[in-house]
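Engineer: Build me a model:
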Amino acid sequence: MIKVSAYKHGDLVTYALGATVVMEYLNHAASDVEAVIIHPDFRSEETRAKIRAVCGDKIPVSVEEKPFNILSKKENCYVIAVIRKTPRRIEPGNHMVLVNPSNAGNLGTITRSCLGFGVRDIAIVPPAVDHFDPKVIRASMGAAASVRTEVFASFEEYSARFPDNRLYPFMLDGSVRLQETKIEAPYSLIMGNEATGLPAEFASIGTPVRIEHTDAIDSLNITIAASIGLYEAAKGPGSN
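Structural biologist: Reported below is the predicted structural model:
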């Protein structure tokens, strides 16, 4: 039997919930996987075989029900991986910078979008949701296994470490329309809190941009705004 407990921020491990998410960790971050638990009712023999093949003799695999009652009472989940919380330093290059993100689902979705558009480094400025929270990992659909996420004490700490990055704060009153902005690498796409956006002082940093939309809504959801920003950035220099 593999011992699990309800997730807490200070724990040394977190959990990947769901067969798809677990396979992402086994395929891309197997060194962080401490154990895999399969529910007795899990019927996919093909996936069972894949899990056992990847785990081999190095990663314990158990078949039991109790951990699911603890970790995923309300979810349709039949596979769990116990994940070691390994801090990862982001690398030089293109970054997504999230200032005070507070929603686990949003952070997970943005992580997945980042991976989809080739941005593998996320900087977080607290206060913020715990990026190791199983809800974040689940919402990322396993993309968290392939993206480096690092927490910085302040935006100043982040920008001091990456002085060559071109800064693009996304603000409702940004001075330049995103569609008219030439996003040059290495870039930092900077997004604010879901409810309050970026603090006013970001208007004097880099090139503040705005995503124009009709006045039928007051703003876009942060996950949509982040995805639009990533899409525009992925076009490359000279495409706007």
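Engineer: Same question for the residue nearest the centre of the chain, what's its three-state structure.
Structural biologist: Note on the chain: the residue nearest the mean C-alpha position is Thr111, at 2.8 Å, using CA atoms, centre = their mean. Secondary structure assignment for Thr111 (DSSP: H, G, I helix; E, B strand; the rest coil): helix.
Engineer: And it, how close does it get to Met171?
Structural biologist: 22 Å (CB to CB, to the nearest Å). Where you see a C-beta, it was placed from the backbone N, CA and C, and this is true even at glycine.
Engineer: With Asp164 instead?
Structural biologist: On the measure of CB to CB, Asp164 and Met171 end up 22 Å apart.
Engineer: With neighbour numbers in mind, choose between the two.
Structural biologist: Neighbour count, other CB atoms under 10 Å: between Asp164 and Met171, Met171 has more, with 21 against 7.
Engineer: quick one, what contacts the closest residue to the more buried one other than its chain neighbours?
Structural biologist: Closest residue to Met171 apart from its sequence neighbours, by CB to CB, 6 or more residues apart in numbering: Pro208 at 5.0 Å. Taking CB atoms under 8 Å, 6 or more residues apart in numbering as the criterion, Pro208 is in contact with 168-171, 173-176, 202.
Engineer: follow-up on the earlier one: give me every residue that touches the residue nearest to the centre of the chain.
Structural biologist: Counted by CB under 8 Å, 6+ apart, Thr111 has contacts 122, 136, 139-140, 143-144, 147, 149.
Engineer: make it 10 Å
Structural biologist: 96, 98, 119-120, 122, 131, 136-137, 139-147, 149, 226 (CB atoms under 10 Å, 6 or more residues apart in numbering).
Engineer: Among these, which lie within strands?
Structural biologist: 96, 98, 122, 149 (DSSP state E).
Engineer: Verify the stated contact: the third one with Cys114.
Structural biologist: In this case it means Ile122. Yes. Ile122 is within contact range of Cys114, at 6.1 Å (criterion: CB atoms under 10 Å).
Engineer: Show me whatever sits in contact with both of those two.
Structural biologist: By CB under 10 Å, 6+ apart, the residues touching both Ile122 and Cys114 are 95-96, 147, 149.
Engineer: Which residues does the helix-or-strand element of the chain with minimal mean pLDDT contact?
Structural biologist: Lowest by mean pLDDT, DSSP states H and E among the helices and strands of the chain is strand 176-177, with a mean of 91. Residues from elsewhere that reach strand 176-177 (CB under 10 Å, 6+ apart): 168, 182, 207-212, 240.
Engineer: which among those residues end up buried?
Structural biologist: Among the contacts of strand 176-177, the ones that count as buried by 16 or more other CB atoms under 10 Å are 168, 207-211.
Engineer: And the furthest pair within those?
Structural biologist: Spatial extent of those (CB to CB) is set by the pair Thr207 and Ile211 at 13.7 Å.
Engineer: joint contacts of the two?
Structural biologist: Gly174.
Engineer: Domain ranges for the chain, per the record?
Structural biologist: For the chain, automatic domain parsing gives the domain ranges 13-84, 95-234.
Engineer: so can I have a markdown table of those showing distance to Val4?
Structural biologist: Below are the domains of the chain laid out as a markdown table (distance: least, CB to CB, whole Å):
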| stretch | distance to Val4 |
| --- | --- |
| domain 13-84 | 4 |
| domain 95-234 | 11 |
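Engineer: residue contacts, Leu98?
Structural biologist: With CB under 10 Å, 6+ apart, Leu98 has these contacts: 106-107, 110-111, 122-126, 128-129, 131, 149, 151, 189-194, 222, 226.
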